[in-house]
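1. task: produce atomic coordinates for the following.
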Amino acid sequence: MEVDIVVSCVLIFSFTFLCPYVRGNLFKEVSSCPSDGVEWRERAQKKQCREPIPDFMCAAIENQPGRFGEICTIAGLSTAGFCAVLDEDTYNLNYIKCVAASGCPATAYRSSEVYRYEACYRSETSTPSTYTVIQNKLNTTRMDIAEQVGSFNAVTFIIYICFILVFLVIFIFWTKRKLFKHRESSENLFGNGNRISLLGNYMTSRLVAFCHADLDSLRYKMVTHSESLKHHFKETLCDPMVYNEDDLKKFDLDVVYILLTNFCDIPCPDNGWGNMPGDEDLSLGSDIERVRILVNEYLDNKTLNVDEVNQILGRWENFFGVINQDDYIEFCPEKKIIYVKVKPNNVIENGVLVTQDIANILEKMKSKKVVICRGAIGCGKTTALEYVTKKYREDGWTIEWMDVSLDESCIERLPIHGIEKTVICIDNLFGVFGCQVFVNDLFNKFKRFMRKIVNRGKQPMVLLGIHQHVFEDISPENNPFPKDESLFIDLNKISQSEALQIYKLQQKNNKSKQGDISVEDFLRLIEQRSSEVGTPFQTLMISAAPGVFGNKWFCSQPFQTLTEHFNCLYNTERELFCSLFYIMCVTIFNPRADELDMDVVNAISTSLNRNTIAYYLSQLAPYTHDDGNVIEIKHDLITIALIHALIRKSENPWKVLKVYDNTKTLELVRPDDPYARPHKFAVPLRREMFAKALSVLEEKTFYEN
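-> Numbers count the residues shown, from 1 in each chain. Modelled structure (predicted):
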């Protein structure tokens, strides 16, 4: 802008002092001016302009719309936004500001090229600028002098040349001074940029140091906060597993700041993250906040508090030593640092991870009277139902909880016109291990129950939980469920982030520590998980015994791998297997009890005693749950695998199963019928074996009744 003004001044003085010494300008009024370069050159040849006014000029006459004139003059350079015209009094070349809506000169141009700008021919002018007024007055004087003198004045011309030379010297001096100041300013900016880069490199070194000590922890936090990170940083932090220490050194400063303040366990400054730290707070967290403020001020104003920078660098050099600058990238001067509290993908309440499946149940119950949750065994169905009913109980609802069996009387206990809010929750509907197909009136009973629920109006609400393999075991003609698919929620959509958090919670609650696997290895395993068994059960077994179950075979075929593992125990460690089977048969084992259940002992192994079980308890920890008082099998799928192993290996399994729960055994055994495919966890038996099993179970039922 300043250069444009100087150029304009040179042009004004040139035309002011040179043009008056020309004898006339050969003005001639014409009807129009050339519209292109070809016509301009033709008109110029006809005009035959000669020295000392050799240039042809045609332009609109100032403030006289529709009038045009030709003159001979000395063409010059016009600045952007101005039109070349003929003065209305002297008809000499002049320049006025263009105010047309469009078509005005956007750049500097020679006055002999005015035909390029149609707006200048339309004489759309504004009030003349200061230099235009001065020029007009000088032009009038110039014409008077031209008329009086009539020839070129050599003395005056020499004075003019001297003036131009002096002006050029001043202009060159002014330009060099501006360049020197610009170079000095650039050097200051470059130096400040280096200081910012050094601060950023120290911050990055803290991130690298944290990762060197616990890279797994950073990866865990980045995975479990991935949705929030993607929202704020798009693709910058798309896959935490691909990053190592060298990759972290290449992160921009705003990303480093977010990771340090959210994931690296740095103590919070006295005034909190994202705020101006107190003068007396010289902690690492406060200095990180000072760097954020310094960087943002530098980006806004190109100024830097060098003293404060030096103080921070001094403290960090004392604490952390001198870092190698070649290992880190330079400061990115475009990105400001903004504090963001990164949110986790899921919250944990009372030891329960609130998965998207749980959120879906709560959302559906806002609009549906009946909600049916189905999923693979081990999907976390019971945990989800317990969490949901607890939330409703906290909101003042009455909860009627049932497991497997259906109690129709609960409906009769509800007041017909009462305002009491009630949720009836039935977990493991129609069975745990398989469908209770031998109970003749089971489905009719459920249908009557559902009719009563519908007839009650809005109350009560019903929340049902059923295993996927049990649901599939129901024949289509006996299916008692509503046809409305919108009532169902499938609980098989655990994300990688949710699986990782569930795994860490299970690890925390696991009393027997048998090793660990890295976050990277865990996520690689989970990618191969099977859909026949729920992810929470797979993570439960991996956390309990990573050496046994932390492999791709277990994740791809969990039930088969678990059954084969118990087969191996039966062959190689019979006493350990029998101790585990005893706990399964008695359901709840009290390690402080004086005597064992001898019926169960005699059925399993006569050599089994209390000391034997006590000896193996620590090795049984991956399969059992110990609350400090009693011990029980950790999960139903472990029980199913134990029964499979027993039937496959034992010569007389029914002697053992005779002392076990009849109902659960009936849920598992199925005739080996080629026309009726049993569910995936069933124990298919040949007809003679199936008949023998039924006779044993009927005998047991007869004596129990």
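
2. hey, let's count contacts and neighbours off CA atoms from now on
-> OK.

3. contacts for the one helix or strand Gly314 maps to, please.
-> Using DSSP states H and E, Gly314 sits in helix 306-320. Helix 306-320 has contacts (C-alpha atoms under 8 Å, 6 or more residues apart in numbering) with 192, 195, 199, 202, 287, 291.

4. highest neighbour count among those residues?
-> Leu199 (25 neighbours; other C-alpha atoms under 10 Å).

5. and that one, what's its pLDDT?
-> Leu199 is assigned a predicted lDDT (pLDDT) of 86.

6. pretty sure it contacts Val291?
-> Yes. Look at Leu199 against Val291 with C-alpha atoms under 8 Å: they come within range, at 7.1 Å.

7. now Pro678: how far from Ala645?
-> 18 Å (C-alpha to C-alpha, to the nearest Å).

8. equivalent analysis for Pro105, please.
-> Distance of Pro105 to Ala645, computed by C-alpha to C-alpha: 93 Å.

9. show me where pLDDT drops low in the stretch 451-600 of the chain?
-> For the stretch 451-600 of the chain, applying pLDDT under 70 flags the ranges 512-513.

10. just give me the neighbour total for the spatially closest residue to Gly200 that is not a sequence neighbour.
-> Nearest residue to Gly200, sequence neighbours excluded (C-alpha to C-alpha, 6 or more residues apart in numbering): Leu253, at 6.0 Å. Neighbours of Leu253 under the rule other C-alpha under 10 Å: 27.

11. just after the helix holding Gly314, pick out the following helix or strand.
-> strand 348-349.

12. give the rounded mean pLDDT of that following strand.
-> The model assigns strand 348-349 a mean pLDDT of 93.

13. residues in contact with it?
-> Val354.

14. tell me the pLDDT of Cys238.
-> pLDDT at Cys238 comes out at 60.

15. ignore the last one, Ile613
-> With respect to pLDDT, Ile613 scores 93.

16. how much space between it and Ala621?
-> As judged by C-alpha to C-alpha, Ile613 and Ala621 stand 12 Å apart.

17. repeat for Ile161
-> 105 Å.

18. compare those two (neighbour count), which wins?
-> Taking neighbours as other C-alpha under 10 Å, Ile161 and Ala621 compare with Ala621 leading, 21 against 14.

19. tell me which element the closest residue to Thr224 other than its chain neighbours is part of?
-> In space, and not counting its chain neighbours, Thr224 is closest to Ser497: 5.1 Å by C-alpha to C-alpha, 6+ apart. For Ser497, the host element (DSSP H and E) is helix 496-509.

20. elements contacting the helix or strand following that helix?
-> Using DSSP H and E, the helix or strand that follows helix 496-509 towards the C-terminus is helix 519-526. Packing partners of helix 519-526 (3 or more C-alpha pairs under 8 Å, 6 or more residues apart in numbering; DSSP states H and E): helix 154-224, helix 496-509, helix 552-556.

21. Cys373 is nearest to which of those helices?
-> Closest approach to Cys373 among the helices and strands packed on helix 519-526 is made by helix 496-509 (18.5 Å; C-alpha to C-alpha).

22. and the gap between the residue nearest to the spatial centre of the chain and Leu500?
-> By C-alpha atoms, centre = their mean, the chain has its centre lying nearest to Lys230, at 1.8 Å. In this view, Lys230 and Leu500 are 18 Å apart by C-alpha to C-alpha.

23. again, but for Ile631
-> 27 Å.

24. for Phe549, same thing?
-> Phe549 is 16 Å from Leu500, by C-alpha to C-alpha.

25. and if you look at Val340?
-> 24 Å.

26. neighbour count for these two, which is higher?
-> More crowded of Val340 and Leu500, by other C-alpha under 10 Å: Leu500, with 21 against 16.

27. correct me, but that one touches Leu523?
-> Yes. Under the criterion of C-alpha under 8 Å, Leu500 makes contact with Leu523 at 7.5 Å.

28. check which helix or strand covers Asp287.
-> helix 284-301.

29. please state the offset of that helix from the chain centre?
-> Distance of helix 284-301 from the chain centroid (C-alpha atoms, centre = their mean, to the nearest Å) equals 25 Å.

30. before we move on, what about stretch 451-471?
-> Offset of stretch 451-471 from its chain centre (C-alpha atoms, centre = their mean): 38 Å.
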